[in-house]
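>>> Task: produce atomic coordinates for the following.
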Amino acid sequence: MRFEQKAVLGGLTLCIFLVGLITGCSINGNVASPYVQDVVQQEPILWFLSPVGDKLLYNTTSSRGQAIVRVLTTDQELAVKGCSLFSWLDNEHIYCYDFYDGDYEPFIVAVDVSSNADDFQKSLIKEITAEQVDLDKLLEQAKVIYRLSASTQPDMLLILDTENASQYYHVTGVNNLDQVLENHTYETISLSGRSTRRSGKVYSPNGRYYYLLQKNLGIYDAITNQLLAEFKPPPKYISWFRFGGFSPNKTEGWAADNSGVYFQISHRSGFGPPLPIRPIQKLCVPGASGCPTAN
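This next block holds a predicted model:
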């Protein structure tokens with residue numbers, strides 16, 4: 001090939017590359033939506049949106065052994081050290097545990113975003129079996145009852161004592177758990193991650209919008225059904241969506257301020273090396289807080 005031909009081809013290649021950067025075209029031919037934001041890019045491993053949808057709890061490949069709390073309205077981040085695995089109990093408390101380490105002592109963290117990470121209030125959990133305690137009495141006196149559901153072992157109870165606001169009991173070996181809890185109010189906490197495939201409309205907290213996952217993910221006006229923003233997954237891979245994290249939160253991925261939906265996709269490419277871990281992303285409502293306006 002003559003030098004002039006090589007130069008022309010090289011220039012065209014550079015031009016195509018630059019056009020891709022300018023227009024938002026990805027290498028797989030997708031056009032990046034201006035309403036899609038990368039929230040966590042550093043290869044997130046485990047993540048959960050808080051029940052209300054105002055905080056993000058996650059770790060990454062480079063931050064194993066600690067959980068990171070991000071306040072989504074301010075982007076403030078706090079690290080919870082020694083938190084191997086984790087889940088929200090409510091919008092202000094995190095359950096830290098590790099079923100794979102017999103010496104690990106689980107604990108509860110009270111998230112106070114006005115304090116430093118080192119000032120997090122931690123509550124240890126007393127491990128007991130159902131045979132070691134009067135379970136009926138403990139349940140009657142409980143301030144809060146959680147049913148911990150994990151795929152690797154039978155369901156357990158996490159109970160907050162009424163008299164001691166920082167004392168939790170972790171009760172295992174409960175037979176006929178459904179019957180035991182029949183007359184008690186409790187919250188089920190799923191510790192098993194799963195991908196979520198939504199087949200219907202999921203409305204924002206204020207009811208003004210909904211998202212719908214079909215071939216693409218779209219946010220729509222709830223009154224006019226007009227498509228407001230759209231995310232198109234790469235067409236060359238099979239994609240799975242997680243909305244709100246490994247266990248969907250109460251808003252099913254919606255931000256507390258109705259500004260968009262938080263999600264992550266994972267791919268399967270068949271044979272070959274594993275694909276990179278996708279970021280946690282947000283599909284924005286145009287013009288909402290922190291989001292670009294409609295064109």
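>>> Going by C-alpha atoms from here, please, whenever you check contacts or count neighbours.
Noted.
>>> Can you check what pLDDT the model gives Arg278?
Per-residue pLDDT puts Arg278 at 88.
>>> Unless I'm misreading it, it sits right up against Phe263, doesn't it?
No: the criterion here is CA atoms under 8 Å, and Arg278 misses it with Phe263 at 10.1 Å.
>>> Pick out whichever of the two has more residues nearby.
More crowded of Arg278 and Phe263, by other CA atoms under 10 Å: Phe263, with 24 against 17.
>>> which ones are touching that one?
241-245, 253, 280-283 (CA atoms under 8 Å, 6 or more residues apart in numbering).
>>> Check the secondary structure at it for me.
Three-state call for Phe263 (DSSP: H, G, I helix; E, B strand; the rest coil): strand.
>>> which residues does it bridge with?
Taking DSSP bridges as the rule, Phe263 bridges to Phe243, Gln281.
>>> farthest-separated two in the contacts of Phe263?
Gly245 and Leu283 (14.4 Å; CA to CA).
>>> quick one: stretch 176-184 to chain centroid distance?
29 Å (CA atoms, centre = their mean, to the nearest Å).
>>> those helices in the stretch 151-295 of the chain, which residues are they?
177-180 (DSSP state H, counting those that start in this stretch).
>>> sorry, back to before: specify which member of the contacts of Phe263 is nearest to Thr74.
For the contacts of Phe263, the residue nearest Thr74 by CA to CA is Lys282; the value is 15.3 Å.
>>> Quick check, the closest one in contact with Val39.
Yes: Lys282 is within contact range of Val39, at 6.6 Å (criterion: CA under 8 Å).
>>> So these two - more neighbours on which side?
More neighbours surround Lys282 than the other of Lys282 and Val39, with 24 against 16 (other CA under 10 Å).
>>> residue contacts, that one?
Counted by CA under 8 Å, 6+ apart, Lys282 has contacts 36-39, 260-263.
>>> From the residues you listed, list the buried ones, please.
Among those, those scoring as buried are 36-37, 39, 260-263 (criterion: 16 or more other CA atoms under 10 Å).
>>> will you turn these into a markdown table that also has distance to Val80 and pLDDT?
Formatted as a markdown table, the buried ones among the contacts of Lys282 follow (distance: CA to CA, whole Å; pLDDT from 0 to 100):
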| residue | distance to Val80 | pLDDT |
| --- | --- | --- |
| Val36 | 28 | 96 |
| Gln37 | 25 | 95 |
| Val39 | 19 | 95 |
| Gly260 | 27 | 98 |
| Val261 | 25 | 97 |
| Tyr262 | 22 | 97 |
| Phe263 | 23 | 94 |
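>>> Export these as a markdown table, with columns for distance to Leu213.
Output for those, formatted as a markdown table (distance: CA to CA, whole Å):
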| residue | distance to Leu213 |
| --- | --- |
| Val36 | 15 |
| Gln37 | 18 |
| Val39 | 20 |
| Gly260 | 14 |
| Val261 | 12 |
| Tyr262 | 13 |
| Phe263 | 11 |
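>>> Which member of those residues is positioned nearest Asp112?
Distance to Asp112 across those (CA to CA) is lowest for Val39, with 21.4 Å.
>>> Quick one: list the elements packing against the helix or strand hosting that closest one.
Assigned by DSSP states H and E, Val39 belongs to strand 36-40. Under the contact criterion of 3 or more CA pairs under 8 Å, 6 or more residues apart in numbering; DSSP states H and E, the helices and strands touching strand 36-40 comprise strand 280-284.
>>> Swap in 10 Å and give it another go.
Applying 3 or more CA pairs under 10 Å, 6 or more residues apart in numbering; DSSP states H and E, one finds that strand 36-40 contacts strand 55-60, strand 227-231, strand 260-268, strand 280-284.
>>> Please report the distance of Lys201 from Leu72.
According to CA to CA, to the nearest Å, Lys201 and Leu72 sit 24 Å apart.
>>> swap that for Asp90, sorry
Asp90 sits 16 Å away from Leu72, going by CA to CA.
>>> if we can go back for a sec, taking their axis directions, the helix or strand just after the strand holding Val39 and strand 55-60 sit at what angle?
Sequence-wise, the next helix or strand downstream of strand 36-40 (DSSP H and E) is strand 44-49. Calculated by axes from the mean of the first three to the mean of the last three CA atoms, to 10 degrees, strand 44-49 forms an angle of 170 degrees with strand 55-60.
>>> by contact count, what packs against strand 44-49?
strand 55-60, strand 66-71, strand 85-88, strand 238-243, strand 260-268, strand 280-284.
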